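Undergrad: for reference, the sequence and a predicted model appear below.
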Amino acid sequence: MIALWLGGQSNDGRVAASEPVGADDSRHATADDVFLTDWPVNPSMGLPRRVGEFIGRHRDLASLRTIAGRAAAHPTVVTIHGLPGTGTSTLAMRLARDVGLKYPDGLLYVDLKGASSTPLDSLTALGRLMRGLGLRSVDLPPDPIGMVRQYRDELQHRRMVVVLDNAASESQVRPLLPTSPGSLVLITSRIPLPGLLGSYPHPLGVMSEKESIALLATFAGDGVRGRRHADEAGQVAALCGYLPLALAIAGAVLRRRPGMAIADLRARLYEQRLGAVTSDNPDVRASFEVSYHELQPEQQTLLRRLVLLPDPTFGAGAAAALVDGDETHAATLDTLAREQLLHRVGEGRYGFHDLLGQFANEKLLLEAPADRQAAHERALQFYLEEAMARSVHLDASVLELGVAGVPAPSATLSEQVAALEWLEQERATLVTASRQAAQIQAHGVTWRLAAALVPFFELRGHRMDWAETQEAALTAARASGDLLAQAWTHLGSGHLRGLGESPDQADCHLEETLEMATAGDWPRIQARALYLMGRVRHDRGKRDSALARYQRAATLFADEDMRAEQANTILSMAAALEEQREIATEQLVWMGDAVLRALSRVPEDYWTVRTIGRICEHLGRVEANRGNLERADAYASRSRDAFRRIGFRHGQGRASRDLGRILLDRHRGTGAGDLLVRSTALFDESTALFRTTGDRHSEGEALQLAGTALARRGDKVAADLRLQDARAAIPAIPALTVEPL
């Protein structure tokens, strides 16, 4: 049995109602009141939990149930739109619960954050939906087209309810719509979405007076229903604008203060509403004010500071950091949830309505700037420590950033992949935390967060995020005057530039790193800078210069007992020596196979899998150059599988491109048409991976190779299209020529 919210208060904080008034009115809301269901739901989805009863809206539900029950040759898409506080989200979730038996394969839910300043982009939303289906981020296609295709394929033979909550526009939700029959899609938004052709629009207005009083009584108690309170209850409902959100908060005030007369609440709402005439939402604003003034000072402090967090949903740790880091204050979150000012989202997490966020921000501006700054820095430090606790599993050098409490890295691949999954899921939040840290000049958090995220960004290819955080880190490091901070940030920037088309800029950053690390006597940073300098020179064909830096790096790594880094450097040295014919190719292959055998006998972790991928990548190229195409195919395939297992997108892109080239060479010798089909698919996969990582030059090369394969297949139109795209990526690409068969 899974505890699952399917009514009451929604993920965006709205409270709605949807059973006939008078149905089991003796039940009262409690903070722990949840539905239990056997409906299959992935617990990682962070579904909003139910808080409170679901009253009224029976006409809306009856109409929507009829639509949901119709058989159709396509998915049923319903759009529910209404003003803030009307309960569109809750109505959608209640409908999902009611029709659950008709859709036995489960529920998918995503909050699209359409009312915020940064709505969720479709690709991120797709990733969350796919993880809700049980897939890992390392198993997902890197490109939007591939993501949409796989998402729709996954839903092809399932009967599911898909809730797309708080949509901003038609364009945001179109990629999230299944195309096969059998699914029900419920979309909520503040505005109509007429561009979704074939959907069923359902406008949602305010509640009736009778429904409003029933909902008020659900939270305040049945005394509200008494005949002698009828007029006052009706006036309170009117002052709340007949909006479920405002009614729930007002009712919670009465429940908390049993001695408060409903007439007193009416008077306070009236007074606050007069003061809120300039607000776009005076009804809700008045209920916020009344409830806020009923809180204890420490509860008020936490409520208004929650808006500082980079994530609209949060747990006890982040909330406690806003006060003084003492997690005993986490109980305040439960109190705020009982007062309907927060709602539970998943297990141990909370969120609030965006209208409440605006209100909290206004209250926060009344705080002393120094107090706001200190609270914000503590919260951002919390997110830094959370990121570092995961990043250290990908690269132990994170321990050197000087943050206490970061655990030692694990040695199991499953834990490392779990860390990667967490970082992928929290990526948007961590980038927002970086922006906030830069804005408030929390220099220590800014540069350390950027450094901690480098292993993740390199592995997953998020180069735009990498560039943004590194730029902020450079500014922060220079402003702080901290030599260690500058050494780390120049190292990260050099690493990033070296992967792109800016080798000269990479050299400049790495030279700065080397100079600072030498001055500070930090041999580990010196060694990393030298290794990266060697890679930049190696990629440019300057092998002598690369070997000199590799040698110095290997010596320092050995002195510092950094065995994994030393081994990587020696592998790079061996490749450069073989390219210069200073060691025999047969000797290199023998050495590589010996290392692969040795690695197969050690416990599997992220480093061993990546090293296996690197060795097989190079051996595949060596064997291809020697004409041993079957062996080259085996090595390249093993390299591709290794990189794919750990989600190393750029490595997988290189391996897919190499494997496609090998198949092209095999086709030249055999004429087998299936080899061309397979090579084209591999080049297209490589193109998508390089496009995701932002490597335009490698993308252009993969496109050109795809054009070659298509031209050999006789598909001149498709070949020309690939070549046009290739020229856009690399303007110097010559006209396509097809080798004779």
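TA: Everything's here; your move.
Undergrad: can you confirm Val110 is in a helix?
TA: No: per DSSP: H, G, I helix; E, B strand; the rest coil, Val110 lies outside any helix segment and is strand.
Undergrad: and it, how many neighbours?
TA: Under the neighbour criterion other Cβ atoms under 10 Å, Val110 is assigned a count of 25. Every C-beta, even on glycine, is put in place using the N, C-alpha and C of the backbone.
Undergrad: show me what contacts the residue nearest to the spatial centre of the chain?
TA: In the chain, the centroid-proximal residue (Cα atoms, centre = their mean) is Gln425; its distance is 3.7 Å. By Cβ atoms under 8 Å, 6 or more residues apart in numbering, Gln425 lies in contact with Arg128, Arg131, Ser137.
Undergrad: now the stretch 151-300 of the chain, which segments are flagged as low pLDDT?
TA: 222-223, 225-228, 273-281 (pLDDT under 70).
Undergrad: show me the helices in the stretch 551-700 of the chain, by range?
TA: Under the criterion DSSP state H, counting those that start in this stretch, the stretch 551-700 of the chain carries helices at the ranges 563-579, 585-599, 606-626, 629-645, 649-670, 673-693, 696-712.
Undergrad: what's the angle between the second one and helix 629-645?
TA: If you take axes from the mean of the first three to the mean of the last three Cα atoms, to 10 degrees, helix 585-599 sits at 40 degrees to helix 629-645.
Undergrad: could you export helix 585-599 as PDB, CA atoms only?
TA: This file holds the C-alpha atoms of helix 585-599, laid out as PDB (Å, rounded to 0.1, in the frame of the first residue of the first chain):
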ATOM      1  CA  THR A 585      51.500  -1.000 -31.800                       C
ATOM      2  CA  GLU A 586      51.600  -4.700 -30.800                       C
ATOM      3  CA  GLN A 587      53.100  -3.800 -27.400                       C
ATOM      4  CA  LEU A 588      50.400  -1.100 -26.800                       C
ATOM      5  CA  VAL A 589      47.700  -3.600 -27.600                       C
ATOM      6  CA  TRP A 590      49.300  -6.200 -25.300                       C
ATOM      7  CA  MET A 591      49.600  -3.700 -22.500                       C
ATOM      8  CA  GLY A 592      46.000  -2.600 -23.000                       C
ATOM      9  CA  ASP A 593      44.600  -6.100 -22.900                       C
ATOM     10  CA  ALA A 594      46.600  -6.800 -19.800                       C
ATOM     11  CA  VAL A 595      45.200  -3.800 -18.000                       C
ATOM     12  CA  LEU A 596      41.600  -4.800 -19.100                       C
ATOM     13  CA  ARG A 597      42.200  -8.300 -17.600                       C
ATOM     14  CA  ALA A 598      43.400  -6.800 -14.400                       C
ATOM     15  CA  LEU A 599      40.400  -4.400 -14.200                       C
END
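Undergrad: report the buried residues of that helix.
TA: Leu588, Val589, Met591, Gly592, Val595, Leu596, Leu599 (16 or more other Cβ atoms under 10 Å).
Undergrad: now the fourth one
TA: Residues of helix 629-645 classed as buried under the neighbour-count rule (16+ other Cβ under 10 Å) are 629, 631-640, 642-645.
Undergrad: nearest to Asp674, out of those: which one, please.
TA: Asp633 (13.5 Å; Cβ to Cβ).
Undergrad: tell me the contacts of the nearest residue to Glu565 once chain neighbours are set aside?
TA: Nearest residue to Glu565, sequence neighbours excluded (Cβ to Cβ, 6 or more residues apart in numbering): Phe557, at 4.6 Å. Counting by Cβ under 8 Å, 6+ apart, Phe557 makes contact with Ala527, Tyr531, Arg563, Glu565, Gln566, Thr569.
Undergrad: now the phi/psi pair for the closest residue to Ile262 other than its chain neighbours, please.
TA: Using Cβ to Cβ, 6+ apart and skipping the chain neighbours, the partner closest in space to Ile262 is Glu232 (4.4 Å). With angles defined as degrees, to the nearest 10, Glu232 sits at phi -60, psi -40.
Undergrad: number of residues surrounding Glu232?
TA: 18.
Undergrad: before we move on, what about the one 10 residues further on?
TA: Other residues near Tyr242 come to 21 when the count uses other Cβ under 10 Å.
Undergrad: distance of the residue lying closest to Trp522 once chain neighbours are set aside from Glu511?
TA: Nearest residue to Trp522 in three dimensions, chain neighbours excluded: Ala487, at 6.6 Å (Cβ to Cβ, 6+ apart). Going from Ala487 to Glu511 by Cβ to Cβ, to the nearest Å gives 12 Å.
Undergrad: between those two, point out the one with more neighbours.
TA: The neighbour comparison of Ala487 against Glu511 (other Cβ under 10 Å) goes to Ala487, with 26 against 14.
Undergrad: wait, doesn't that one sit right on Thr518?
TA: No: contact between Ala487 and Thr518 fails when scored by Cβ atoms under 8 Å: they sit 9.5 Å apart.
Undergrad: contacts only, for the nearest residue to Lys716 once chain neighbours are set aside.
TA: Nearest residue to Lys716, sequence neighbours excluded (Cβ to Cβ, 6+ apart): Leu710, at 7.9 Å. For Leu710, the contact set (Cβ under 8 Å, 6+ apart) comprises Thr680, Lys716, Ala718, Ala719, Arg722.
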